[in-house]
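Novice: structural data only, the sequence is not supplied:
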């Protein structure tokens, strides 16, 4: 899989960063830039994520080196990648790699990372449906990082199957929230939707359009609208868990960065109130600082005039 010249991060392109640059004095971009420049992170992963984005967006070589130093001292593959929680962490580190791979210091550690990734194979498809969704996301991410078209295609197949089989027309994720005795079902709806959104956006950065894949109009946007409704009306959630607005808010603060990606692709009804409350959105395992990379709507496509108008 040839590397795309416009792909500069796992979830964003040079064009998306340029759109943010062009609107750096406009909300919500100005708020996101303030967050980027004043928030250093409090774990190796968040430090590396934000430093890598500062390198890409601000051209800050020192921040790029800071991200690489985190990559030198952390090896997420030392933890078994056998469930969706560990898979999303590895995927987030792959996002760091993509953000700094043009930095001169990356060459000093790239071989050790690539050797480890080439030797790695996950068992996520043997687990739950949610594990499998994140397995698909991990395969797309690793396919991009390693330029492995076979692994990339394995992940896109998971995406197409999930859109066809696992998103109910109402929007809930079948076999994710509907599992007998399932717990934390709202969190799992968020996590499964995040995996689907990240799959589509990663593929988009390398020129593969998964956003147009649907099942009679059903897409990850459908799943997003479903969880967004219950963000506002948690008492109506029918999958157990005694959900409250405080709980849904905490979940979205931690893991809701993917909402910016969805809204960037297609306006989501009702999300503006959430954005007013919570922006800028940052989630190390749900897309990064997406208010910066995806907070501006895509410009309308230029109309092509035919011979007769």
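Specialist: Here it is on my side, so go on. Bear in mind the structure is a predicted one, so any value in this text is a computation, not a measurement. Numbers count the residues shown, from 1 in each chain.

Novice: residue 222 - that's part of a helix, no?
Specialist: Yes: according to DSSP: H, G, I helix; E, B strand; the rest coil, residue 222 belongs to a helix.

Novice: the stretch 101-250 of the chain: helices as residue ranges?
Specialist: Along the stretch 101-250 of the chain, the segments classed as helices by DSSP state H, counting those that start in this stretch run 110-118, 129-146, 149-165, 185-205, 220-232, 245-255.

Novice: please name every helix or strand in contact with the shortest one.
Specialist: Under the contact criterion of 3 or more Cβ pairs under 8 Å, 6 or more residues apart in numbering; DSSP states H and E, the helices and strands touching helix 110-118 comprise helix 129-146. Heads up, the C-betas are built off the backbone N, CA and C, glycines and all.

Novice: one more time with 10 Å, if that's ok
Specialist: Secondary-structure packing of helix 110-118 (3 or more Cβ pairs under 10 Å, 6 or more residues apart in numbering; DSSP states H and E): helix 61-73, helix 84-100, helix 129-146.

Novice: what's the answer for the third one, then?
Specialist: For helix 149-165, the elements it packs on are helix 129-146, helix 185-205, helix 220-232, judged by 3+ Cβ pairs under 10 Å, 6+ apart.

Novice: what's the closest of the ones you listed to residue 261?
Specialist: For residue 261, the closest of the helices and strands packed on helix 149-165 is helix 185-205, at 5.2 Å, according to Cβ to Cβ.

Novice: the closest one to helix 149-165, inter-axis angle?
Specialist: 130 degrees (axes from the mean of the first three to the mean of the last three Cα atoms, to 10 degrees).

Novice: mind giving me the packing neighbours of helix 185-205?
Specialist: helix 14-22, helix 84-100, helix 129-146, helix 149-165, helix 220-232, helix 245-255, helix 258-265, helix 290-294.

Novice: highest mean neighbour count out of the helices and strands packed on helix 110-118?
Specialist: Stretch with highest mean neighbour count among the helices and strands packed on helix 110-118: helix 129-146 (a mean of 25; mean count of other Cβ atoms under 10 Å).

Novice: still on that earlier bit, would you turn the helices of the stretch 101-250 of the chain into a markdown table with distance to residue 56?
Specialist: Formatted as a markdown table, these follow (distance: least, Cβ to Cβ, whole Å):
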| stretch | distance to residue 56 |
| --- | --- |
| helix 110-118 | 17 |
| helix 129-146 | 16 |
| helix 149-165 | 22 |
| helix 185-205 | 13 |
| helix 220-232 | 25 |
| helix 245-255 | 22 |
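
Novice: now do the contacts for residue 64.
Specialist: Neighbouring residues of residue 64 by Cβ atoms under 10 Å, 6 or more residues apart in numbering: 51-52, 54-56, 58, 99-106.

Novice: and if you look at residue 279?
Specialist: By Cβ under 10 Å, 6+ apart, the contact set of residue 279 is 27, 28, 31, 32, 35, 260, 290, 291, 295.

Novice: would you mind checking those residues for buried ones?
Specialist: 28, 32, 35, 260, 290, 291, 295 (16 or more other Cβ atoms under 10 Å).

Novice: number of nearby residues for residue 218?
Specialist: A count of neighbours around residue 218, defined by other Cβ atoms under 10 Å, yields 18.

Novice: tell me the one of the buried ones among the contacts of residue 279 nearest residue 157?
Specialist: Among these, residue 290 lies closest to residue 157 (Cβ to Cβ), at 25.7 Å.

Novice: how about the nearest residue to that closest one, chain neighbours excluded?
Specialist: Nearest non-adjacent residue to residue 290, counting by Cβ to Cβ, 6 or more residues apart in numbering: residue 260, 3.7 Å away.

Novice: what strand or helix carries residue 51?
Specialist: In this assignment (DSSP states H and E), residue 51 forms part of helix 44-58.

Novice: and the angle from that helix to helix 61-73?
Specialist: Here helix 44-58 runs at an angle of 150 degrees relative to helix 61-73 (the same axes, to 10 degrees).

Novice: so helix 44-58 versus helix 84-100, what angle?
Specialist: Going by the same axes, to 10 degrees, helix 44-58 makes 30 degrees with helix 84-100.

Novice: what are the buried residues along helix 44-58?
Specialist: For helix 44-58, by 16+ other Cβ under 10 Å, it's 44-57.

Novice: just stretch 19-37 next, same as before
Specialist: Within stretch 19-37, the residues scored as buried using 16+ other Cβ under 10 Å are 19, 20, 28, 29, 32, 33, 35, 36.
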